[in-house]
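Novice: Structural data only, the sequence is not supplied:
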Ligand code: VGL
Ligand code: ZN
């Protein structure tokens, strides 16, 4: 609990809902533990925001982040790609498949943009802003700046990967950035959650709970 974080109805604040897709939910190819627990708080939060952007992990078959693309490797192994170390994942969020669909349980009809990422075969993209080569832009920074947003609130899946990287890039782009923890869940592999928390804190990203926005 802490002081209330004010959302101004006339803009300036945007909620980014990261990767709430079937493959990251129970029964999915890369199910995040307790992943469906994010749905209710996200739906409640979204009603408080006039502006909501969704991200969608969107990989071609045979993507470089898939363990199946690296003979002898298994999910959660590491591999060195031209841009650096990469965690390998089960095949997930393949373009056009049911697992890549954004959950029907999300109730955000007013979401204004879906930004897809991870569509380059050789480059992963946890962040909604910048791919894992740290050079290729998705265009989201320009979009948010052109819209005049100043505060970015990040929620979704997974807290220690796509939510954290999106928040870190938002902060680096100059937005006042928040992660809403109870509206996010982590994968937590090889210390990833601890590392994400440290990185977020070092970058000045504020970690809050949704009661500070929508609480009574
Ligand atoms: C994600 C691993 C691979 C995420 C996406 O949404 O956090 N994690 N692709
Ligand atoms: Zn992915």
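Specialist: Received, thanks. Note that the coordinates shown come from a computational prediction; the quantities given were computed from them, not determined experimentally. Ligands and ions are numbered 1, 2, ... in the order given.
Novice: mind checking the SS state of residue 166?
Specialist: Three-state call for residue 166 (DSSP: H, G, I helix; E, B strand; the rest coil): helix.
Novice: which ones are touching it?
Specialist: Contact analysis of residue 166 by Cβ atoms under 8 Å, 6 or more residues apart in numbering lists 16, 18, 55, 126-129, 154. All C-beta atoms are positioned from the backbone trio N, CA, C, and that covers glycine.
Novice: Secondary structure class of the residue of the chain positioned farthest from its centre, three-state.
Specialist: Distance from the centre of the chain peaks at residue 72, with 28.8 Å (Cα atoms, centre = their mean). Put simply, residue 72 is coil when judged by three-state DSSP.
Novice: what's it sitting at in phi/psi?
Specialist: When read as degrees, to the nearest 10, the backbone of residue 72 gives phi 90, psi -10.
Novice: For whatever helix or strand residue 177 lives in, which strands pair with it and how are they oriented?
Specialist: In this structure, residue 177 sits in strand 176-185 according to DSSP states H and E. Neighbouring strands of strand 176-185 in its sheet, by DSSP bridges, are strand 151-157 (parallel), strand 206-208 (parallel).
Novice: what residues does that strand touch?
Specialist: Applying Cβ under 8 Å, 6+ apart, the set of residues contacting strand 176-185 is 5, 18, 32-35, 37-38, 41-42, 45, 150-159, 163-164, 167, 170-171, 200, 203-211, 213.
Novice: before we move on, the earlier item: indicate which one of the strands paired with strand 176-185 is closest to ligand 1.
Specialist: Proximity to ligand 1 (Cβ to the nearest ligand atom) singles out strand 151-157 among those, at 5.3 Å.
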